[in-house]
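*Asks:* Build me a model from this:
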Amino acid sequence: MSVPTIKLQSSDGVIFQTTVQAASLSKTIKTLLEIAAVENDEDDIVPLPNVGSFILDKILAWAHHHKDDPQLTSNDEESQGCSDDISPWDANFMNVDRGTLFELILAANYLEITDLMDLSSKTVANMIRGKSTEQIRQILNIRNERLSGADEWDEDL
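*Replies:* A predicted model of the protein is given here:
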């Protein structure tokens with residue numbers, strides 16, 4: 001018996017073939033499969049206009065690694081959210097530059113991959129834990145802009 005596969009097309013036109021099981025870790029892709037019944041026709045291509053090929057390749061590597069992981073129940077999710085533990089494989093996977101990390105977060109959000117969103121959030125939390133406000137601004141590339149006159153709003157009263 002062959003493993004069902006699906007073709008995904010990145011925003012820059014690169015086509016990836018992957019297993020339906022791995023792709024279904026994405027709620028977005030799973031919903032598209034259910035609506036269009038794409039999984040029955042291996043010639044169909046699912047376009048992902050908000051995910052570039054570099055990031056999609058990384059996400060598919062993550063999905064293949066985690067495709068057999070047990071799905072968390074709601075009670076497990078509550079306890080999981082409090083933990084900052086990251087497996088060695090996931091820590092290595094998330095060892096990327098900030099730009100790539102934030103692209104992974106955006107793509108995981110768009111694709112609705114909850115476990116990858118959690119992993120990304122933990123990674124960012126670990127990056128900023130114990131840092132000063134200025135250090136956090138630098139890590140997250142946040143400019144310290146104040147609106148001119150923002151503190152003077154009450155002078156007109």
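*Asks:* okay, now residue 29: neighbour count?
*Replies:* 23 (other C-beta atoms under 10 Å). C-beta here means a position set from N, CA and C on the backbone, and glycine is covered the same way.
*Asks:* Wait, it touches residue 110, no?
*Replies:* No: using C-beta atoms under 8 Å as the test, residue 29 is too far from residue 110 to be in contact (10.5 Å).
*Asks:* List the residues that are in contact with both of those two.
*Replies:* Residues touching both residue 29 and residue 110 (C-beta atoms under 8 Å, 6 or more residues apart in numbering): residue 48.
*Asks:* For this structure, give me the ranges with low pLDDT.
*Replies:* 1, 37-42, 72-84, 146-157 (pLDDT under 70).
*Asks:* Identify the residue spatially nearest to the residue nearest the centre of the chain, adjacent ones excluded.
*Replies:* In the chain, the C-alpha nearest the mean C-alpha coordinate belongs to residue 108, at 2.2 Å (C-alpha atoms, centre = their mean). The shortest distance from residue 108 to any residue other than its chain neighbours is 4.1 Å, reached at residue 116 (C-beta to C-beta, 6 or more residues apart in numbering).
*Asks:* coming back round to it: does the residue nearest to the centre of the chain sit in a helix, a strand or a coil?
*Replies:* Here residue 108 is recorded as helix under DSSP: H, G, I helix; E, B strand; the rest coil.
*Asks:* Please name the residues that touch it.
*Replies:* 59, 116-117, 120.
*Asks:* Please apply the same query to residue 114.
*Replies:* residue 27.
*Asks:* Give me the phi and psi for it.
*Replies:* phi -60, psi -50 (degrees, to the nearest 10).
*Asks:* Same question for residue 18.
*Replies:* Dihedral angles (degrees, to the nearest 10) for residue 18: phi -150, psi 170.
*Asks:* Next up, identify which helix or strand the residue nearest to it when sequence neighbours are not counted is on.
*Replies:* Once flanking residues are discounted, residue 18 sits nearest to residue 60: 5.3 Å by C-beta to C-beta, 6+ apart. In the assignment (DSSP states H and E), residue 60 maps to helix 53-66.
*Asks:* For that helix, buried residues please.
*Replies:* If you call a residue buried by 16 or more other C-beta atoms under 10 Å, then helix 53-66 has these buried ones: 53, 55-56, 58-60, 62-63, 66.
*Asks:* do the same with stretch 46-55
*Replies:* Quick answer for stretch 46-55 (16+ other C-beta under 10 Å): 46, 48, 51, 53, 55.
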